[in-house]
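J.: Dropping the sequence and predicted coords here.
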Amino acid sequence: MTARTSLASWQALSAHALQMKQQHMNDLFAADTQRFKQFSIQLPSLLLDYSKNLITRQTMELLLTLAQDCEIPCWREKMFAGEPINRTEDRAVLHTALRNRSKTALNLAGENITARVEQTLEKMKNFSDRVRQGHWKGYSGKRITDVVNIGVGGSNLGPQTVTEALKQFSDNSLNVHYVSNVDGAQIAEVLRPLNPEKVLFIVSSKTFTTTETMTNAATALKWLVSSSFDEQAVAKHFIAVTANRENAAQFGISRENIFEMWDWVGGRFSLWSAIGLPIALDLGFDKFIELLEGGHEMDQHFQQAPLASNAPVMLALLSIWNCTFLGAQSQAILPYDQSLHMLSAYLQQAEMESNGKSVSWHGEEVNYPTVPSIWGELGINGQHAFYQYLHQSNNVVPADFIGSVASNTPVKGHHETLMANFFAQTQALMCGVDEAQVRADLHAKGRQQDYIDKVAPHKVHKGNRPTNTILMKRITPKTLGSLIALYEHKIFVQGIILQICSFDQWGVELGKGLASKIQHELESNEENAGHDSSTAELIRYYKAVKNQTAGKSEQ
Ligand SMILES: O=P(O)(O)OC[C@H]1O[C@H](O)[C@H](O)[C@@H](O)[C@@H]1O
């Protein structure tokens, strides 16, 4: 297989990037009145404007040639068909099958997985209806009022991001809580006001081995059993979502309370599976289906639209252009809709755990930057915190601005203020303002010359900072489904072009292994040989202070 860097399109892009670094977007806009039309895509749920990137028609042609050279259409087909494109784990990648609303049969290892997905959906429907309607009772016969989802990473971020985003669509039949941190403070705070007779725990873990989740689940179990004095209570108050039925059953969860997950669904792409149960419980099963429909709509766009008008493909190509060719090292996700306040955390896992790697498919170090670090915050809060950096630091941070035309919570006078900022910021980041203009403005305001001389250089905004604007019509279960699937496919395309194995996460293993050995040390008098001196001394200090504190509290 050809190394990416030896492709003619790659080399042409490298040369083209050197030229483009000399350009300013202001001049590109002045030279091409069709720029917005040329560089935007309208979909049923959203508008993507990528014209405020340092690109020309030639850039896009070269990027599209690269996409063709990397056989994106062929890889896309392989993914949807269930070929084992997760190479290092030899697994299919089929989160798209979970939301395949056309329900076409898909065979994987001789089994029709569409039918299994439908069975699980049916089970989710029955279960969520029973709990929401009060037919599922706790051990003392009371209806469930609170659901606590215990899970971390992909078993937390997806459902929580969605239920937070769609709060306005909840009828509040149930209060849904999330526990992800093994810091006891979180579970203690969540459980404190709850009545064990009315709580349902979902232990959400694909592997059912994740230490944080198992520790939290054991604490929840103890809390329930000690309050109910009844081991049978577990059957009424604990369910599991997992691909590891045996471990869940050993934990004590009745087999009929286990919802199935499959190894062909990656944790960070799993909100469409039974991992999405908190969504169905919070919003109702019909809304969960609408979310799936939105994802499916984006799948169809991704499969059918030509590459040049394919939104996920464009987002991936632009990320590669900005990072791999122009050298940006991070990317900001800046939602302006309050409901999307967890989106950047969600996308951090989705993108960084997928493509934050530096070894290629062939097992060799890649000699180009792969993906940027993803960070972000609600844009409007960011404006009063870190936008100074976006506008004037000497690091260029490409940013995705995400806003909605219609608010789900209209309050007179608010939405236009919000959206005026949304539009103004991408304009300011692109256009900037030069020193001559700054001086003229200060002069027009009647400022003294010495003040102008002192302040003018500090008020210069170089502009030329790339942004994508994603304007949603309104956040609904369906449009949110499309938005999330848009990013999922962007990540897939990026991975293929960069020759990264997007669907494993070996990089999280080393730390996990060390933590389990250190935990043993912390809980005993043993000291592991073989620590570096920093780690050894930190652990000694921790244990010494802990012993002193324990000694004092005993006195
Ligand atoms: O669902 P689980 O098996 O508990 O895994 C939860 C999370 O833990 C891991 O360490 C992985 O890095 C994540 O990809 C995963 O989503």
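T.: Noted; the coordinates are in hand.

J.: Not counting residues beside it along the chain, what's closest to the closest residue to the ligand within the stretch 251-400 of the chain?
T.: The nearest approach of the stretch 251-400 of the chain to the ligand comes at residue 267, 2.9 Å away (C-beta to the nearest ligand atom). In this view, the C-beta of every residue, glycine as well, is placed from N, C-alpha and C. Among residues not flanking residue 267 along the chain, residue 154 sits closest, at 2.9 Å (C-beta to C-beta, 6 or more residues apart in numbering).

J.: Can you check the pLDDT for that neighbour?
T.: At residue 154, the model reports a pLDDT of 97.

J.: got it, and residue 263?
T.: For residue 263, pLDDT reads 96.

J.: One more: the one 4 residues further on?
T.: Among the per-residue scores, residue 267 holds a pLDDT of 98.

J.: Residue 504 versus that one, what's the distance?
T.: Using C-beta to C-beta, to the nearest Å, we find residue 267 at a distance of 11 Å from residue 504.

J.: Those two: which has the busier surroundings?
T.: residue 267 (26 against 18; other C-beta atoms under 10 Å).

J.: The residue nearest to residue 267: what's it in contact with?
T.: By C-beta atoms under 8 Å, 6 or more residues apart in numbering, the contact set of residue 154 is 206, 266, 267, 268, 269, 270, 271, 275, 349.

J.: does the last one really touch residue 268, like I thought?
T.: Yes. Counting by C-beta atoms under 8 Å, residue 349 touches residue 268, with 5.0 Å between them.

J.: what residues are shared contacts of the two?
T.: 153, 154, 157.

J.: Keep only those of those residues that are also close to the ligand.
T.: Among the shared contacts of residue 349 and residue 268, the ones lying near the ligand by C-beta under 6 Å from any ligand atom are 153, 154.

J.: Tell me the secondary structure of residue 525, please.
T.: Using DSSP: H, G, I helix; E, B strand; the rest coil, the structure places residue 525 in coil.

J.: again, but for residue 470
T.: Per three-state DSSP, residue 470 ends up strand.

J.: hang on, the earlier thing: output the contacts of residue 154 in TSV, with secondary structure appended to each entry.
T.: Formatted as TSV, the contacts of residue 154 follow (three-state DSSP):
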residue	secondary structure
206	coil
266	coil
267	helix
268	helix
269	helix
270	coil
271	coil
275	helix
349	helix
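
J.: How about the residues of the stretch 401-550 of the chain by the ligand?
T.: 505, 508.

J.: Which residue ranges of the stretch 201-350 of the chain form strands?
T.: Counting by DSSP state E, counting those that start in this stretch, the stretch 201-350 of the chain has strands at residues 238-242, 258-260, 330-335.

J.: Next: the chain.
T.: Using DSSP state E, the strands of the chain run over 40-42, 46-49, 107-108, 111-112, 146-150, 175-179, 199-204, 238-242, 258-260, 330-335, 373-376, 399-406, 467-474.

J.: Enumerate the positions of stretch 470-490 that are buried.
T.: 470-472, 475-490 (16 or more other C-beta atoms under 10 Å).

J.: For that stretch, what does the pLDDT average out to?
T.: Mean per-residue pLDDT for stretch 470-490: 98.

J.: Over to stretch 41-51?
T.: 97.

J.: if we can go back for a sec, buried subset of the contacts of residue 154 as a ChimeraX selection?
T.: To isolate the buried ones among the contacts of residue 154 in ChimeraX, judged by 16+ other C-beta under 10 Å, type:
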select :206,266,267,268,269,270,271,275,349
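
J.: one step back: quick one: which of the strands of the stretch 201-350 of the chain is nearest residue 27?
T.: strand 330-335 (24.2 Å; C-beta to C-beta).

J.: picking up where we left off before, with distance to residue 548 as extra columns, can I get the shared contacts of residue 349 and residue 268 in TSV?
T.: Formatted as TSV, the shared contacts of residue 349 and residue 268 follow (distance: C-beta to C-beta, whole Å):
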residue	distance to residue 548
153	35
154	40
157	38
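
J.: So which of the shared contacts of residue 349 and residue 268 sit within helices?
T.: Judged by DSSP state H, those include residue 157 as members of helices.

J.: Nearest to residue 30 among the shared contacts of residue 349 and residue 268?
T.: Of all the shared contacts of residue 349 and residue 268, residue 157 has the smallest distance to residue 30: 42.4 Å, by C-beta to C-beta.

J.: which residue sits closest to the closest one, ignoring its sequence neighbours?
T.: residue 346 (4.9 Å).

J.: Isn't the one you found up against residue 159?
T.: No. Using C-beta under 8 Å, residue 346 is not in contact with residue 159, being 10.1 Å away.

J.: just the helices in the stretch 451-555 of the chain please.
T.: For the stretch 451-555 of the chain, helices defined by DSSP state H, counting those that start in this stretch occupy the ranges 477-498, 509-523, 533-554.

J.: any idea how far the closest residue in space to residue 536 that isn't next to it in sequence lies from the ligand?
T.: The shortest distance from residue 536 to any non-neighbouring residue, by C-beta to C-beta, 6+ apart, is to residue 527 (7.4 Å). Counting by C-beta to the nearest ligand atom, to the nearest Å, the gap from residue 527 to the ligand is 27 Å.

J.: Could you check how many residues crowd around residue 527?
T.: Neighbours of residue 527 using other C-beta under 10 Å come to 12.

J.: next one: residue 221
T.: 20.

J.: follow-up on the earlier one: residues contacting the residue of the stretch 251-400 of the chain closest to the ligand?
T.: Contacts here follow C-beta under 8 Å, 6+ apart; on that basis residue 267 touches 153, 154, 155, 206, 275.
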